[in-house]
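Just need the structure, nothing else, for what follows:
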Amino acid sequence: MIRNAIQRFMYGRYGNDQLNLFLIVLYFVLYMVLLFLDWAPLYWISLAIFACFVFRLLSRNIPRRREENSRFLRLANPVLRWFRFQRTVHRDKEHRYFKCPNCGQQLRVPRGKGRITVTCRGCGATFQEKS
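A predicted model of the protein is given here:
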């Protein structure tokens, strides 16, 4: 019964996306900092972030909210991609990762093969590395 009422209320509204997830996480982080620091401007900043989250969640202007989310993702994707790559490098114990000195592409070679000649798939440059 309550679930149906919430579904009816949210019909035609934007709902959640990646920017909203970021805003709510930022709000909770600021709230946790507020537990240790009693600084009034931080309270108002966190409250404004929460209000923005609720506004975006309940908005009926769906094209505008999608545009905001796509702008956020354009800014956040390079950072997220870097974190994912660092996680991959940390987990992969069988390979070493190098950057091509010519074009900057990431290359993966087997670990423990000694000094090897690496050929970049992107630009064709060859260089020697210790794996």
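
Which of the three states applies to the residue most central in space within the chain?
Geometric centre of the chain, nearest residue: Leu80, 3.7 Å, by CA atoms, centre = their mean. With DSSP: H, G, I helix; E, B strand; the rest coil as the basis, Leu80 sits in helix.

so who does it touch?
By CB atoms under 8 Å, 6 or more residues apart in numbering, the contact list for Leu80 is empty. Heads up, the C-betas are built off the backbone N, CA and C, glycines and all.

which residues touch Asp92?
Arg108.

whoops, I mixed them up, Cys103
With CB under 8 Å, 6+ apart, Cys103 has these contacts: 120, 122-123, 125.

Restricted to buried residues, select those in ChimeraX.
Restricted to buried positions by 16 or more other CB atoms under 10 Å, the ChimeraX selection for those reads:
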select :120
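
so what strands line up beside the helix or strand of the chain with the lowest mean pLDDT?
One helix or strand of the chain scores below all others by mean pLDDT, DSSP states H and E: strand 126-130, with a mean of 85. If you go by DSSP bridges, strand 126-130 pairs up with strand 115-119 (antiparallel).
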